[in-house]
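> Make a model of this:
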Amino acid sequence: MPDLDQDGRPVDLGAVRLRTPGLRGQVNVHQSASPGSRAAASSTAEFLEALERAEVSEGVTIEITDQREVTPSTGSRAAGGSDDMVLEVRDPGESSGQAVLYEAEDGTISWHFPRETAVAGVTRGGGALTYRIPREVVVPAQGEAVPGGQRGVLGAVGKKILKVFVFKIIDEASQYIGDKLARRFEAQHRPHRLRAFTPDDFSAPATASLDAAALQRLAEDRVLLFVHGTASSSHSGFGRIPHDVLTELYRRYRGRVLALDHPTVSVSPEENVAWLAGELAALGDRKLTVDIVSHSRGGLVSRLLSEHPDRTGGRLDVGRLVMVATPNAGTELADAERLGQLLNRLTSLLQLVPSNGITDALDIILAVVKQVAIGAFKGLDGIMAMNPRDAFLTDVLNTPSATAAQYFAAAADFEPPQGSPLLRIARDRVTDVVFGSTRNDLVVPTEGVYTVPRASAFPINDRLVFEALDAVDHSGYWTRQPFAEKLLGWLA
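Now for the predicted structure:
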């Protein structure tokens, strides 16, 4: 294996060149999709499957071992220090895009993109793309645990892994599809669907939507509807609800439990509701009365159903709405210039706190990565709807409007346990720029879930707020006993 040059002189590795000022160690390059590249990164079957579904190809994998810093690092978890590692990779050409995934020693992940996206640093010249990547060695201190690394997306804990990914932005018909990449993916793999949600199948994907006859039968009594959040689906987003809790809800609603599968990154909440309105047209002059359990962005879709019943032709009446980690006041991570940080958090959560939906979430994250890498933010309407300054929040939802529904909320101030790699994400200086001293669950500000000036039915007084010592992250509510008790109480 070649040695790194601590003085910052480039090390020529054939397909790439790497500069590592202030860092000693050894480096090895594995060619695309080779057994060596997969072994180096401990790539899981779920990770490889997600790449295939998202139509992303593996380029080279750079493995850095025996790494040690010989000078104090000026950077942090994010690129921007004067001693960043600098990776030069051959430009894939105008018909393709490229991104770099960096996994640090503790399993945390960051994506790195071209400079023109305003997300990370890259310059063009000599047919190469140049990426700046944080040098900091983040091996946990002696005695600290590294939970879950081997269970996640890559799991190559203890070394630095840089993976180069390539994808097409021009199709076979020579059409530019860059700003349609996420929409095309979601249309194929995340279609709208209104599905049954039973104790036997709630953690498994559905293949069919309810027909008109089933909707007519449901209109005879109250229904419980689940609405999932960003980069998720019903079975992965709610699959960690304890079986006995879902069974009890199923009993209370006499089997009338549904879930709304819907695209979340390329399609706006208004488009989600418009699709549902088309399905409810089968009710004719009848009405569906629902209680809703929602997570994250799903709460915004649910509020639109509750506060703007005209959007469904008056065919849906919301009685109770439970919003879990919903960005009712928005999240700064949905700003175009911070989408890279949102992707870093979502991917690191999959890596370090994996659940039953790794592939399900990772492939849509990859679809967003592709658009961010080429600066095509225009096609990400579903994410942009969570921007605090987006017209959907300022002019549609967070204005006075009448609703008779009862609102309930669950939020968290996330503080990872000592020794957790997520602690470094939560306390990163880039996070401080985004959230400042505002409490948050890594993705959504805590108080923004239940306090929104001018919005109807806010503040939400009947709420559950997990404090820092509870260590509840954006997706970690479902298995907590206090939440289960609250949920059953709210839906008594």
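> measure stretch 49-60 end to end?
18 Å (C-alpha to C-alpha, to the nearest Å).
> Now it: buried residues?
Residues 50-51, 53-54, 56, 58-60 are the ones in stretch 49-60 that count as buried (16 or more other C-beta atoms under 10 Å). In short, each C-beta sits where N, CA and C put it, glycine included.
> got TSV for those residues, with distance to residue 450, pLDDT and secondary structure too?
As requested, these are arranged in TSV below (distance: C-beta to C-beta, whole Å; pLDDT from 0 to 100; DSSP: H, G, I helix; E, B strand; the rest coil):
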residue	distance to residue 450	pLDDT	secondary structure
50	34	88	helix
51	38	91	helix
53	36	90	helix
54	35	92	coil
56	38	94	coil
58	43	91	strand
59	44	90	strand
60	47	92	strand
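> and which of the residues you listed is nearest to residue 471?
residue 50 (26.9 Å; C-beta to C-beta).
> How about the secondary structure of residue 294?
Put simply, residue 294 is strand when judged by DSSP: H, G, I helix; E, B strand; the rest coil.
> How far off centre is stretch 94-103?
19 Å (C-alpha atoms, centre = their mean, to the nearest Å).
> hmm, who's touching that stretch?
Contacts to stretch 94-103, defined as C-beta atoms under 8 Å, 6 or more residues apart in numbering, come from residues 41, 59, 87, 89, 91-92, 109-114, 129, 131, 133-134, 154, 156, 160-170, 178, 347, 351, 369-370, 372-374.
> out of those, which are buried?
For the contacts of stretch 94-103, buried by 16+ other C-beta under 10 Å: 41, 59, 87, 89, 91-92, 109-114, 129, 131, 133-134, 154, 156, 160-169, 178, 347, 351, 369-370, 372-374.
> Now flag whichever of the buried residues of stretch 49-60 is closest to residue 389.
Closest to residue 389, out of all of these and judged by C-beta to C-beta, is residue 54, at 29.2 Å.
> what residues are up against that closest one?
167, 185, 363-364, 366-367, 370.
> Go through these and flag which are in helices.
Judged by DSSP state H, the contacts of residue 54 include 185, 363-364, 366-367, 370 as members of helices.
> Could you export the residues you listed as TSV, including distance to residue 200 and pLDDT?
What follows is the ones in helices among the contacts of residue 54, written out as TSV (distance: C-beta to C-beta, whole Å; pLDDT from 0 to 100):
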residue	distance to residue 200	pLDDT
185	29	95
363	25	89
364	26	92
366	31	93
367	30	93
370	36	94
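> Tell me where the stretch 301-450 of the chain is predicted with low confidence.
353-359, 419, 424-433 (pLDDT under 70).
> switch to 90 and redo it
For the stretch 301-450 of the chain, the stretches with pLDDT under 90 are 336-338, 340-342, 344-363, 375-378, 400-403, 414-438, 442.
> just the helices in it please.
With DSSP state H, counting those that start in this stretch, the ranges of helices along the stretch 301-450 of the chain come out as 339-352, 358-373, 381-384, 391, 421-426, 429-435.
> can you pull out the strands in the stretch 201-350 of the chain?
For the stretch 201-350 of the chain, applying DSSP state E, counting those that start in this stretch gives strands covering 223-227, 257-261, 288-295, 316-324.
> Quick one, which of these gets closest to residue 15.
Checked against C-beta to C-beta, the stretch from the strands of the stretch 201-350 of the chain lying closest is strand 257-261, at 40.3 Å.
> Just want the angle from that closest one to strand 288-295.
60 degrees (axes from the mean of the first three to the mean of the last three C-alpha atoms, to 10 degrees).
> What is the most widely separated pair among the contacts of residue 54?
Taking C-beta to C-beta, no two of those sit farther apart than 167 and 364, at 14.0 Å.
> okay if I get the helices of the stretch 301-450 of the chain as a markdown table plus distance to residue 398?
Output for the helices of the stretch 301-450 of the chain, formatted as a markdown table (distance: least, C-beta to C-beta, whole Å):
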| stretch | distance to residue 398 |
| --- | --- |
| helix 339-352 | 21 |
| helix 358-373 | 25 |
| helix 381-384 | 15 |
| helix 391 | 11 |
| helix 421-426 | 27 |
| helix 429-435 | 19 |
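> Return the member of the ones in helices among the contacts of residue 54 nearest to residue 485.
residue 364 (31.9 Å).
> What separation do you get for the closest one and residue 186?
Remark: distance between residue 364 and residue 186 (C-beta to C-beta, to the nearest Å) = 7 Å.
> residues shared between the contacts of the two?
Common neighbours of residue 364 and residue 186 (C-beta under 8 Å, 6+ apart) are 264-265.
> More neighbours: which of these two?
The neighbour comparison of residue 364 against residue 186 (other C-beta atoms under 10 Å) goes to residue 364, with 27 against 20.
> from memory residue 451 sits against residue 398, does it?
No - between residue 451 and residue 398 there is no contact under C-beta atoms under 8 Å: 11.2 Å.
> Looking at the two, which one has more neighbours?
More neighbours surround residue 398 than the other of residue 451 and residue 398, with 20 against 17 (other C-beta under 10 Å).
> Pretty sure the more buried one sits against residue 327.
No - using C-beta under 8 Å, residue 398 makes no contact with residue 327, being 11.1 Å away.
> remind me which residues of the stretch 51-200 of the chain are low pLDDT?
In the stretch 51-200 of the chain, residues with pLDDT under 90: 71-83, 93-94, 104-110, 113-128, 130, 136-158, 171-176.
> Would you map the strands across it?
Under DSSP E, counting those that start in this stretch, the stretch 51-200 of the chain gives strands at 57-69, 85-90, 96-103, 109-112, 122-125, 128-133, 160-168, 193-196.
> Parallel or antiparallel, list what pairs with the third one.
Meaning strand 96-103. If you go by DSSP bridges, strand 96-103 pairs up with strand 109-112 (antiparallel), strand 160-168 (antiparallel).
> cool, the first one as well?
Pairing partners of strand 57-69, with direction, according to DSSP bridges: strand 23-30 (antiparallel), strand 160-168 (antiparallel).
> got a markdown table for those strands, with distance to residue 291 too?
What follows is these, written out as a markdown table (distance: least, C-beta to C-beta, whole Å):
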| stretch | distance to residue 291 |
| --- | --- |
| strand 23-30 | 52 |
| strand 160-168 | 41 |
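> Relative to residue 484, which of the ones you listed is closest?
strand 160-168 (37.4 Å).
> picking that back up, just name the most buried of the strands of the stretch 201-350 of the chain.
Stretch with highest mean neighbour count among these: strand 223-227 (a mean of 26; mean count of other C-beta atoms under 10 Å).
> Excluding sequence neighbours, find me the nearest residue to residue 245.
Leaving aside its chain neighbours, residue 245 sits nearest to residue 484 (5.0 Å; criterion: C-beta to C-beta, 6 or more residues apart in numbering).
> Now the one you found: which helix or strand?
helix 481-490 (DSSP states H and E).
> Counting by contacts, list what that helix packs against.
helix 243-252, strand 316-324, strand 406-412, strand 463-466 (3 or more C-beta pairs under 8 Å, 6 or more residues apart in numbering; DSSP states H and E).
> list the helices and strands the longest one packs on?
For helix 243-252, the contact count by 3+ C-beta pairs under 8 Å, 6+ apart identifies strand 257-261, helix 481-490 as packing neighbours.
> All set, thanks.
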